[in-house]
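need a structure here:
(one chain, ligands or ions: 2)
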Amino acid sequence: MASVPKVKFNNGLEIPIFGLGTWKSKPGQVAQAVKDAIDIGYRHIDCAHVYGNEKEVGDAVVSKISQGVVKREDLFITSKLWNTFHRPDLVEGAIKQTLSDLGIEYLDLYLIHWPLAYKEGGPLFPADPQGKILFSDVDYVDTWKAMEQLVHKGLTKSIGISNFNKRQIERILSVATITPVTNQVECHPYLNQSKLIEFCKSKNITVTGYSPLGSPDRPWAKPDEPQLLDDPKLKELATKYKKTPAQIVLRYQVQRGVITIPKSVTKSRIQENFNIFDFELTADDVKYLNTFDCNGRFCPMTAGLGHSHHPFQNDDY
Ligand SMILES: NC(=O)C1=CN([C@@H]2O[C@H](COP(=O)(O)OP(=O)(O)OC[C@H]3O[C@@H](n4cnc5c(N)ncnc54)[C@H](OP(=O)(O)O)[C@@H]3O)[C@@H](O)[C@H]2O)C=CC1
Ligand SMILES: CC(=O)C(C)=O
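Ligands and ions are numbered 1, 2, ... in the order given. Predicted coordinates for the structure are as follows:
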């Protein structure tokens, strides 16, 4: 079984550079997917409260631990604080709910899922009668201070952020006594995030790339939108390396040092996506893949447009 390289965080801890995504993995399918992934050799699982499936992910994790297939300390489990729990007094309760759902004692990594806060205390997507999301004005820098307490209390080993732009990271760094270990953002050849990656690197923050395959099953996908995995130039590269388009885009991230978390509930694809540690793209082909960038964002967070902390509404990167 190939062993997955690890990336070192600024706090000395390590994360496997490759893991399993779980967004949209239906409760009836995700437990089997996680079990298959662990059997194949995955040791990093990316979760979130808002995905609505942490209990089933936890069932699979706990069953593999109790069967002796893996130990808890062999696994790297990430979850994320949802937008309705940003108020500092809600943060500890939110992680405790996730830990209880997952059936584990601690997380390896807990992220602020988005920099924008939603109205607290009710549904995960609070909305007015017209369906417009109700925002809260809690500032993510105050949320960050509450996240730091979770490390001190041993509820998570590391903390980080997700979907934060450069200016927002700078604001976090201006108050932080614990530097975020990673910024999890959308990243694939159509949105290669080279500027943000360079900036994060300069601050000793790793980048985790989500939707590495272009998120073809995103709920808001339209039939006429481009499909990354069907790109003819990508298919040509796949033929050259005798690999699949998915394997090429995943290998691309690993070679750039970007932590990558493809989602699948299909055993053959979970295996296929893992088989990227037996070949290398040439430096010229990595450069060529860099030229695919077209600011092609598949997760634009349109529901949060108008919020003063929306990360993508001006020229910030
Ligand atoms: N922090 C954040 O805000 C966000 C985090 N994420 C995280 O990143 C993960 C990955 O991103 P996600 O948006 O799910 O999308 P991905 O880019 O991982 O694409 C998932 C889709 O690709 C299909 N697929 C998987 N492997 C292959 C393959 N080898 N060949 C062809 N198709 C394949 C899956 O199908 P099937 O399952 O049917 O096999 C599914 O439809 C998420 O699951 C989540 O954990 C994602 C978005 C936002
Ligand atoms: C998938 C996800 O994490 C979103 C859209 O926030």
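
give me every residue that touches the closest residue to ligand 2 within the chain.
In the chain, the residue that lies nearest ligand 2 is Trp23 (4.0 Å; Cβ to the nearest ligand atom). (Glycine included, C-beta is placed from N, CA and C.) Listed by Cβ atoms under 8 Å, 6 or more residues apart in numbering, the contact set of Trp23 reads Ala48, Tyr51, Lys263.

neighbours of the nearest residue to Glu14 once chain neighbours are set aside, how many?
Nearest non-adjacent residue to Glu14, counting by Cβ to Cβ, 6 or more residues apart in numbering: Lys6, 4.0 Å away. Neighbour count for Lys6, taken as other Cβ atoms under 10 Å: 16.

which ones are touching Ile95?
Here Ile95 is in contact with Ser79, Leu81, Leu107, Tyr110, Leu150, Leu155, Thr156 (Cβ under 8 Å, 6+ apart).

state the helix or strand in which it lies.
helix 88-102 (DSSP states H and E).

does at least one residue of that helix sit close to ligand 2?
No. Applying Cβ under 6 Å from any ligand atom, one finds helix 88-102 separated from ligand 2 by no less than 13.8 Å.

check which residues of that helix are buried.
Pro88, Leu90, Val91, Glu92, Ala94, Ile95, Thr98, Leu99, Asp101, Leu102 (16 or more other Cβ atoms under 10 Å).

same thing with stretch 178-196?
In stretch 178-196, counting by 16+ other Cβ under 10 Å, buried: 178-193, 196.

keep these, but drop any that are not near ligand 2.
Answer for the buried residues of stretch 178-196 near ligand 2: none qualify (Cβ under 6 Å from any ligand atom).

which ones among the residues you listed are found in strands?
Thr182, Asn183, Gln184, Val185, Glu186 (DSSP state E).

out of those residues, who's near ligand 1?
Gln184.

quick one: Ala31 from Leu116, how far?
The spacing between Ala31 and Leu116, counted by Cβ to Cβ, to the nearest Å, is 31 Å.

average pLDDT for stretch 111-122?
In this model, stretch 111-122 has an average pLDDT of 97.

CA atoms only: put that stretch into CSV for me.
The C-alpha trace of stretch 111-122 is given here as CSV (Å, rounded to 0.1, in the frame of the first residue of the first chain):
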residue,chain,number,x,y,z
LEU,A,111,-11.6,25.3,10.6
ILE,A,112,-13.8,28.4,10.5
HIS,A,113,-15.8,27.2,7.5
TRP,A,114,-16.4,30.7,6.0
PRO,A,115,-15.5,34.2,7.2
LEU,A,116,-19.1,35.3,7.1
ALA,A,117,-21.5,34.7,10.0
TYR,A,118,-25.2,33.9,9.8
LYS,A,119,-27.9,34.6,12.3
GLU,A,120,-27.3,32.4,15.3
GLY,A,121,-29.6,30.1,17.2
GLY,A,122,-31.8,28.6,14.5
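
and the stretch 201-317 of the chain, which residues reach ligand 1?
Residues of the stretch 201-317 of the chain lying near ligand 1 (Cβ under 6 Å from any ligand atom): 210-218, 229, 244, 246, 261-266, 269, 272-273, 299.

any low-confidence regions in the stretch 201-317 of the chain?
Applying pLDDT under 70 to the stretch 201-317 of the chain flags no residue at all.
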